[in-house]
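Asker: coordinates only, sequence not included:
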C-alpha cells in the first residue's frame, strides 16, 4: 500500500504570547513546527504501513525551512519526504496550494491513500485537503475518527471502510481506493520520534520539486493563481475590561452570583 | 462575470428537518442580497424535505432551489457536490454562503476546486464593497489573533462559510412570499462512490458548541474529582462542560469537550473558565463568548485578560460553595414563584 501524507509547516502557536500592553499577539521570532494536527495523519499512515505493508511518503509545500516539518515525519518513521518549494508558490491561497499539491501527488506516482490533518493551526481553513481530493478526482472522506478496514488491491479497485465524526454522530462510510482522508485527533495517539529515527531524519535527503517540475504554468501558481486576495489584515485586541475580585471564597461566590443575576443568567 | 447574480445559502437538514443554522445563514445573506439589490435563494438538498422548503421562504429566502432524492437523505459528498455544481452552472449565483459544519466544510472546498473559484472559511463578518459590489469576507486566523479581510475579485461564484451560532437566526414571517423551484436531474448526478453503511449517534451529547453556557475545566481544578462540581455548575446553569487541552491530555475529560485551537470553538452567552491559565490556543476557542468569568488562583493568569469578571481563589473552595448557593437561590426563587 502506498500512502502520501500532506503536512504543513506552521508557526508554533504554543510560543505565541499576548502583549500585555496592547492585548495583541506577539509574532516576532516564533519558531516553525509541523502542524500538530498533521501528526495524527502521519501516525495513521505509519499504522497502516505496519498492518498492510508498503511505503509512506510525506509531502509539504513551503519555504526551505519547511524541511523541518518533513524531518519530523521522517523521525517518526515515514519512508520518504518531498518538499514543493519555489518562489513562484509564494502567496498561494488554498486553491493554488491544492493545485500544486495535487499535481505533486500525481507526479510522485500511483498511490492508494492520501492522508491529511483536519486543518492547519495557522490558517485553520481545513480546505486544502478536500480541494486536493477533488482536484485528483478521488473520493474525499473528511473528519475520519477511525479506519475500520482497508482492502488494498494491487493496481487499484481497493476499498476502505472508516468512520467520520459529524455533529450528530459517527457515520460509517465505505469507498473506493485511491481516496483522500482528513483525520481528527480522536483517531490515534501520535508516537514520539525515536532517537534512532531522529538521527536518520537528520541525514535523510529530502527531494525538492519546483513549479516547473510539475509543469505548472505561472497563471496557476502563487498569488497569480489564487482566486482570493487578502485586502486587509488587522490585529484585534483580546483584552476585556476585567473586574478583578480578590476576596475570600464566601465573598467571591456572592460576587459571582450577583454578576450572574445582573446578566439574568441565574 | 456580470452574468453572475444573486446570493445563495446552502440550507442544512437532519433527518428531514431544517437545522437552525439554515436560518442563521439566511439572516446573514439577507443583508448582502438587499445591499446588492439581488434576490436571495436557498438551496435545499435532501429527501422528503419538500414540506420544509417553505420555511426557508418564511425565514427570508426569495426562492428555494429544491433537489429531493433518496441519495440526499444523509450527507454524501458525491451527489451533493454534483447537484450543487449543476445548479451553479445553470443559475450562476454571484455569492454562496454555507455553514462551517462538517458537511459544509466538506462540500464547499470540493465545489471551489471543481468550479475553480475562491473560498473563505469561517467568516465572522460578510459585507458588500460599495464601489465594486464584491463580497468582503473577514475571518480570523492563527487562533483569532489575526483578522483578515478577503475578496474574490475575478472568480465566480464567491464562496464563503460561516460558523454555526455566530449570529441570530432570521425571524419567521409566514406572510413572506417566494417560489420553490424543484430541480430534477438525471440518475448519474446522484451516483456515488460512497456506501453509507451506518450511523452511530453520539452517546453523550457534549454540545459545547451549541450550549448557551459553557463551564470549562482546566488543570487548575486540581483533581478529576472536582469535575463533579464543574458538571453540577453546568447543569444548574443549563450549560455544557468544556475542557482545556491540558485536561484532555491528562485524560480527565474526553476530546469532544476540548475548547481551543485544536478543539471546538464556542461562543456562548456565558463562559466560566475554572482553573484555566489561558494559553492562546484556548483563548482562540472561547474569545467569542459574550461574557466570561474566570476563576484561577494565579492572579497573573492570562485568562483574566479576556474575562469580564476575574476571581482569584481556590476552586476547591469556590466551586462547591457556588453550586450550593445557586441551588439555594433556585429553591428560593422557586418558592416565590409557587
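Answerer: Right, received. Where do you want to start? Please read these numbers as outputs of a predicted model, since none were measured by experiment.
Asker: and residue A:132, what does it touch?
Answerer: By Cβ atoms under 8 Å, 6 or more residues apart in numbering or on different chains, the residues touching residue A:132 are A:6, A:98, A:101-102, A:105, A:114, A:116, A:180, B:113. Glycine gets a C-beta too; all of them are placed from N, C-alpha and C.
Asker: quick one: which helix or strand includes residue A:45?
Answerer: Element membership for residue A:45 (DSSP states H and E) is helix A:38-52.
Asker: close to chain B, is that helix?
Answerer: No - between helix A:38-52 and chain B, judged by Cβ under 8 Å from any Cβ of the partner chain, nothing touches; the nearest distance is 10.0 Å.
Asker: Average pLDDT for that helix, rounded please.
Answerer: Helix A:38-52 carries an average pLDDT of 97.
Asker: Counting only strands, which of the contacts of residue A:132 make the cut?
Answerer: Using DSSP state E, the members of these that fall within strands are A:6, A:114, A:116, A:180.
Asker: burial measure for the residue nearest to residue B:112 when sequence neighbours are not counted, as a count.
Answerer: Spatial nearest neighbour of residue B:112, excluding adjacent residues (Cβ to Cβ, 6 or more residues apart in numbering or on different chains): residue B:119 at 3.9 Å. Residues lying near residue B:119 (other Cβ atoms under 10 Å in any protein chain shown) number 32.
Asker: just residue A:240 next, same as before
Answerer: Residue A:240 has 17 neighbours, counted by other Cβ under 10 Å.
Asker: ok, back up a step: can I get the ones in strands among the contacts of residue A:132 in JSON lines with pLDDT and neighbour count?
Answerer: As requested, those are exported to JSON lines (pLDDT from 0 to 100; neighbours: other Cβ atoms under 10 Å in any protein chain shown):
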{"residue": "A:6", "pLDDT": "98", "neighbour count": "26"}
{"residue": "A:114", "pLDDT": "98", "neighbour count": "27"}
{"residue": "A:116", "pLDDT": "98", "neighbour count": "31"}
{"residue": "A:180", "pLDDT": "98", "neighbour count": "27"}
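Asker: Closest one to chain B out of those, please.
Answerer: Each of those was checked against chain B using Cβ to the nearest Cβ; the closest is residue A:180, at 10.5 Å.
Asker: other SSEs contacting the worst-scoring helix or strand of chain B on mean pLDDT?
Answerer: Counting by mean pLDDT, DSSP states H and E, chain B has its least confident helix or strand at helix B:315-337, which shows a mean of 82. When contacts are defined as 3 or more Cβ pairs under 8 Å, 6 or more residues apart in numbering or on different chains; DSSP states H and E, helix B:315-337 sits against helix A:249-262, helix B:227-236, strand B:291-296.
Asker: List the strands paired with the last one, with their directions.
Answerer: This means strand B:291-296. strand B:270-274 (parallel), strand B:309-312 (parallel) (DSSP bridges).
Asker: Please compute how far that strand lies from its chain's middle.
Answerer: Centroid separation for strand B:291-296 versus its chain: 23 Å, with Cα atoms, centre = their mean, to the nearest Å.
Asker: Quick check: which element contains residue A:239?
Answerer: Using DSSP H and E, no helix or strand contains residue A:239.
Asker: Check the burial of it by counting its neighbours.
Answerer: Counted by other Cβ under 10 Å, the residues lying close to residue A:239 total 17.
Asker: Residue numbers of the stretch 151-300 of chain B in contact with chain A?
Answerer: Selection of the stretch 151-300 of chain B residues close to chain A by Cβ under 8 Å from any Cβ yields B:151-155, B:193-202, B:209, B:213, B:237, B:255, B:261-262, B:269-270, B:279-281, B:283, B:287, B:291-293, B:295, B:299.
Asker: Sort out for me which of the residues you listed are in helices.
Answerer: Per DSSP state H, helices hold the following members of those: B:280-281, B:283.
Asker: could you dump those to CSV with neighbour count, distance to residue A:139 and pLDDT?
Answerer: Compiled in CSV, these are given as follows (neighbours: other Cβ atoms under 10 Å in any protein chain shown; distance: Cβ to Cβ, whole Å; pLDDT from 0 to 100):
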residue, neighbour count, distance to residue A:139, pLDDT
B:280, 23, 36, 80
B:281, 21, 32, 80
B:283, 24, 37, 87
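Asker: any idea which of the residues you listed is the one closest to residue A:109?
Answerer: Checking those against residue A:109 with Cβ to Cβ, the nearest one is residue B:281 at 37.2 Å.
Asker: which residue sits closest to the closest one, ignoring its sequence neighbours?
Answerer: residue B:261 (3.9 Å).
Asker: Now do that neighbour against residue B:305, distance only.
Answerer: Distance of residue B:261 to residue B:305, computed by Cβ to Cβ, to the nearest Å: 17 Å.
Asker: which one of the two has more residues nearby?
Answerer: Comparing residue B:261 with residue B:305 by other Cβ under 10 Å, the one with more neighbours is residue B:261, at 25 against 20.
Asker: show me what contacts residue B:161?
Answerer: With Cβ under 8 Å, 6+ apart, residue B:161 has these contacts: B:97-100, B:104-105, B:108, B:119-123.
Asker: Off-centre distance for the helix or strand where it lies?
Answerer: Taking DSSP H and E as the criterion, residue B:161 maps to strand B:158-162. Its chain's C-alpha centre and that of strand B:158-162 lie 13 Å apart, by Cα atoms, centre = their mean.
Asker: Repeat that for stretch B:18-29.
Answerer: On Cα atoms, centre = their mean, the centre of stretch B:18-29 falls 10 Å from that of its chain.
Asker: Quick check: buried residues in that stretch?
Answerer: Neighbour counts using 16 or more other Cβ atoms under 10 Å in any protein chain shown place B:18-19, B:21-29 of stretch B:18-29 among the buried residues.
Asker: Residue A:170: which of these is nearest?
Answerer: Looking across the buried residues of stretch B:18-29 and measuring by Cβ to Cβ, the closest to residue A:170 is residue B:19, at 18.0 Å.
Asker: Tell me if I'm right that that closest one and residue B:12 touch.
Answerer: Yes - assessed by Cβ atoms under 8 Å, residue B:19 is found in contact with residue B:12 at 4.3 Å.
Asker: Now do the shared contacts for these two.
Answerer: Joint contacts of residue B:19 and residue B:12 (Cβ under 8 Å, 6+ apart) are residue B:99.
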